[in-house]
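Trainee: Next input, structure requested:
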Amino acid sequence: MPRLHLILALALLLPACTTRRSGGGEGDDDDDSAVSDDDDLFGDDDDTSDDDDASDDDDTSDDDDAVDDDDAVDDDDTSDDDDAVDDDDAVDDDDTSDDDDAVDDDDTSDDDDTSDDDDAVDDDDATPSAPAFGDVLINEVMMDPLSVDDAQGEWFELRNVTAWDINLRGWFLLDDDSDWAVISPNLDLIVPAGGHKVLGINANALTNGGLLVHWQWQNFQLANTEDEIVLQSPSGLEIARLNWVASFPTSPGVSTQLDGAVTDGADQQDPANWCLASATTAPTFGQGDRGTPGAFNPVCPP
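Mentor: Next comes the predicted model:
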């Protein structure tokens with residue numbers, strides 16, 4: 001019976017060996033446990049909670065993976081993962097509140113983006129406002145042309161010192177006596193942001209001394225020694241005023257220019273801020289008068 005005894009003994013030992021082999025691994029390899037088992041050999045085991053795997057395992061909460069894992073809350077990924085709250089991504093992730101992105105991310109409140117992001121509150125975008133005194137300057141005046149008669153060649157230049165276009169349609173041109181006119185009542189007359197427009201007594205370049213006049217006035221003239229130019233908005237608000245007197249620099253055939261560095265409307269009343277168009281900085285135009293109609297003025301010499 002020795003052989004029978006040996007077979008029975010092996011039969012009894014085999015189940016015990018099998019049981020010891022299959023149980024109690026506790027994370028030595030990937031066993032897909034239902035909870036965190038911190039597998040350290042094969043990586044992702046798709047646990048239902050955080051197991052700090054080295055790459056994306058789509059956990060339901062923050063596991064600080066190195067790449068985007070679409071966690072429901074902020075995990076500070078290095079690129080856009082469309083978190084529901086601010087995660088300070090480097091590019092636009094359309095967060096619902098301010099994340100100070102460098103480009104427009106359509107935040108609902110102020111994030112100080114550099115261009116127009118349609119914030120509900122002010123984000124320092126440049127937006128037009130109602131015209132105010134000093135928005136337009138009387139910048140250059142030819143009150144005594146030499147190449148043609150005054151009745152053909154008087155003009156002055158306006159400068160828009162704002163960051164938006166200004167439409168002069170329907171504005172009033174007047175002085176302190178009886179001269180007045182409605183500027184361009186039927187057509188838009190736009191002074192572009194930072195730009196210029198020339199108004200004059202004669203828009204015909206063949207007879208006005210050879211310059212481009214953007215709007216021709218009537219019932220208005222410029223005295224050579226003392227006079228005023230006043231601009232009012234359609235509501236009657238004074239936007240620009242120049243009162244020149246005998247102390248202002250004037251000369252036949254040469255325009256009188258506001259210093260190119262002046263941008264304050266109040267400063268244009270000071271005779272010290274005006275000078276004659278210089279032969280070195282202002283070329284002759286048209287038929288030989290000197291000035292810079294429609295262009296920037298140089299800085300007046302000290």
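
Trainee: Which residue, other than its chain neighbours, is closest to Asn297?
Mentor: Excluding the flanking residues, the one nearest Asn297 by Cβ to Cβ, 6 or more residues apart in numbering is Gly260, at 4.0 Å. Just so you know, the C-beta spots here come from the backbone N, C-alpha and C atoms, and that holds for glycine as well.

Trainee: what's near enough to touch the one you found?
Mentor: Neighbouring residues of Gly260 by Cβ atoms under 8 Å, 6 or more residues apart in numbering: 296-300.

Trainee: Mind giving me the PyMOL select for these, buried ones only?
Mentor: If you want just the buried ones from the contacts of Gly260 in PyMOL, going by 16 or more other Cβ atoms under 10 Å, the selection is:
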select buried, resi 297+298+300
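
Trainee: want to throw the contacts of Gly260 into CSV with distance to Asp176 and secondary structure?
Mentor: Shown next, in CSV, are these (distance: Cβ to Cβ, whole Å; DSSP: H, G, I helix; E, B strand; the rest coil):
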residue, distance to Asp176, secondary structure
Phe296, 29, coil
Asn297, 25, coil
Pro298, 30, coil
Val299, 30, coil
Cys300, 26, coil
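
Trainee: Of the contacts of Gly260, just say which sits nearest to Trp164.
Mentor: Of all the contacts of Gly260, Trp164 sits closest to Phe296, with 18.6 Å by Cβ to Cβ.

Trainee: mind checking the SS state of Gln152?
Mentor: helix (DSSP: H, G, I helix; E, B strand; the rest coil).

Trainee: can you tell me which residues contact it?
Mentor: Gln152 sits next to 145, 201-202, 207-209 when contact means Cβ under 8 Å, 6+ apart.

Trainee: of all those, which two lie farthest apart?
Mentor: Across the contacts of Gln152, the longest distance by Cβ to Cβ is 11.4 Å; it joins Pro145 and Thr207.

Trainee: neighbour-wise, which of these two wins?
Mentor: Shown here are Pro145 and Thr207; by other Cβ atoms under 10 Å, Pro145 has more neighbours (28 against 13).

Trainee: so what's the more buried one closest to, chain neighbours aside?
Mentor: Once flanking residues are discounted, Pro145 sits nearest to Gly153: 3.3 Å by Cβ to Cβ, 6+ apart.

Trainee: shouldn't the one you found be in contact with Ala203?
Mentor: No. Using Cβ atoms under 8 Å as the test, Gly153 is too far from Ala203 to be in contact (11.6 Å).

Trainee: who has more neighbours, those two?
Mentor: Here Gly153 and Ala203 are compared on neighbour count by other Cβ under 10 Å; more neighbours surround Gly153, at 26 against 17.

Trainee: phi, psi of Ile166?
Mentor: For Ile166, the backbone dihedrals (degrees, to the nearest 10) come out as phi -130, psi 130.

Trainee: Let me see the contact set for it.
Mentor: Ile166 touches 131, 135-136, 160, 190-191, counting by Cβ under 8 Å, 6+ apart.

Trainee: ok, of the residues you listed, which one's closest to Ser235?
Mentor: Pro131 (8.8 Å).

Trainee: Can you tell me the number of residues neighbouring that closest one?
Mentor: 22.

Trainee: sorry, back to before: of the contacts of Gly260, closest to Ala246?
Mentor: Cys300 (18.5 Å).

Trainee: so what's the closest one closest to, chain neighbours aside?
Mentor: Nearest residue to Cys300, sequence neighbours excluded (Cβ to Cβ, 6+ apart): Cys275, at 3.7 Å.

Trainee: Just confirm that neighbour is within a strand.
Mentor: Yes. When three-state DSSP is applied, Cys275 is found to be in a strand.

Trainee: Tell me what it is bridged to.
Mentor: Judged by DSSP bridges, the bridge partners of Cys275 are Gln257.

Trainee: count of residues packed around it?
Mentor: 21.

Trainee: residues in contact with it?
Mentor: By Cβ under 8 Å, 6+ apart, the contact list for Cys275 reads 249, 256-257, 259, 300-301.

Trainee: What of Val136?
Mentor: For Val136, the contact set (Cβ under 8 Å, 6+ apart) comprises 158-161, 166, 191, 231, 239-240.

Trainee: what's the burial count for Pro234?
Mentor: Pro234: 15 surrounding residues under other Cβ under 10 Å.

Trainee: Would you check that it makes contact with Leu168?
Mentor: No. Assessed by Cβ under 8 Å, Pro234 is found out of contact with Leu168, at 9.7 Å.

Trainee: Do me a favour and get the end-to-end distance for stretch 251-262?
Mentor: One end of stretch 251-262 sits 22 Å from the other (Cα to Cα, to the nearest Å).

Trainee: For Ala266, grab phi and psi.
Mentor: Dihedral angles (degrees, to the nearest 10) for Ala266: phi -70, psi -30.
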